[in-house]
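Participant: please work out how this folds:
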Amino acid sequence: MAATELAAIEFVPSHRYHIDNPQPQQAKQPPSDTLQAGSEPHHPVASREDVHRHTLRLLCQARHSLCLYSPDLEPWLYDEDGVIQASKRFLLGHRRNRLRILLADPTLAIRQSHRLLALARRLTSNLQIRTLNPEYPAQSAAVLVVDHCGLLVRPGPEHTTGYALYQSPGRARAIQRQFDSAWERSLSHPDLRSFLL
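Facilitator: Predicted coordinates:
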């Protein structure tokens, strides 16, 4: 018996189907003004407003450690309401949070009853203030180091120019080492001690 060939069947779909595969997502880059490891965008600082803005951003993101070198605790910057409130929130945020401040001369801060001194009086274990040892080479730059990652650096306290780095653990560690070395040799100033008691 001969095999019979069957007629071809034509398939006509009653619906059309659309396959929409999602496009591969690119990894999101953290904003360049947040404290995360990654690239090192350089934020130039050119005015008091820039200094103040970056100081506040860095303080508000701090989670563990703040180290500040200022010749006289610059009242125009560090005795400002936003900075005082951000510092207080940081210090009260966790019992292990630390703010260490190195000063060349605390006379102006004491004379003007700087509010960070008053905060140090209340939070003695979290906020420490010392003066540079005159026998140790003086620090010329005004520096804020945040969580071993972020930096605000100005060539000198009278300068409102400089730069901020939010994601630079290498540079932050190098400056942190200089700060720690100066801190180990720092002194407790008698006028400052009596103010804080």
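
Participant: just give me the residue closest to the centre of this structure.
Facilitator: Closest residue to the average C-alpha location of the chain: L58 at 3.3 Å, with CA atoms, centre = their mean.

Participant: for that residue, give me the pLDDT.
Facilitator: The score at L58 is 96. That number is its pLDDT.

Participant: now do the SS call for it.
Facilitator: Following DSSP: H, G, I helix; E, B strand; the rest coil, L58 is assigned to helix.

Participant: low-confidence ranges, the chain, go.
Facilitator: By pLDDT under 70, the low-scoring segments of the chain are 1-40, 138, 157, 191-197.

Participant: what segments of it are helices?
Facilitator: 48-61, 75-78, 81-93, 107-111, 115-122, 169-184, 190-196 (DSSP state H).

Participant: quick check: the gap between A118 and T161.
Facilitator: From A118 across to T161, the span is 30 Å (CB to CB, to the nearest Å). Glycine gets a C-beta too; all of them are placed from N, C-alpha and C.

Participant: contact partners for the residue nearest to the centre of the chain?
Facilitator: Taking CB atoms under 8 Å, 6 or more residues apart in numbering as the contact definition, L58 lies against 35, 144, 146, 150, 152, 164, 166.

Participant: one more pass at 6 Å, please.
Facilitator: Residues in contact with L58 (CB atoms under 6 Å, 6 or more residues apart in numbering) are 146, 150, 152.

Participant: and which of these is nearest to V45?
Facilitator: Nearest to V45 out of the contacts of L58 is L152 (CB to CB; 7.2 Å).

Participant: tell me what that closest one is bridged to.
Facilitator: Bridge pairing for L152 (DSSP bridges) gives the partners L144, A164.

Participant: touching, it and A164? I think so.
Facilitator: Yes: applying CB atoms under 6 Å as the test, L152 and A164 come out as touching, 4.9 Å apart.

Participant: shared neighbours, the two?
Facilitator: Common neighbours of L152 and A164 (CB under 6 Å, 6+ apart) are H54.

Participant: nearest residue to A86 other than its sequence neighbours?
Facilitator: In space, and not counting its chain neighbours, A86 is closest to L59: 3.9 Å by CB to CB, 6 or more residues apart in numbering.

Participant: need the contact list for L151.
Facilitator: Contact analysis of L151 by CB under 6 Å, 6+ apart lists 145, 165, 172.

Participant: who touches R98 in this structure?
Facilitator: Applying CB under 6 Å, 6+ apart, the residues contacting R98 are 65, 126.

Participant: sorry, back to before: now neighbour count and distance to S47 too, for the contacts of L58, in TSV please.
Facilitator: Shown next, in TSV, are the contacts of L58 (neighbours: other CB atoms under 10 Å; distance: CB to CB, whole Å):
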residue	neighbour count	distance to S47
V146	28	21
G150	27	20
L152	24	13
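
Participant: which among those gets closest to L108?
Facilitator: L152 (20.4 Å).

Participant: next one: that closest one from R48, what distance?
Facilitator: L152 is 13 Å from R48, by CB to CB.

Participant: common neighbours of these two, please.
Facilitator: Here L152 and R48 share no contacting residue, scored by CB under 6 Å, 6+ apart.
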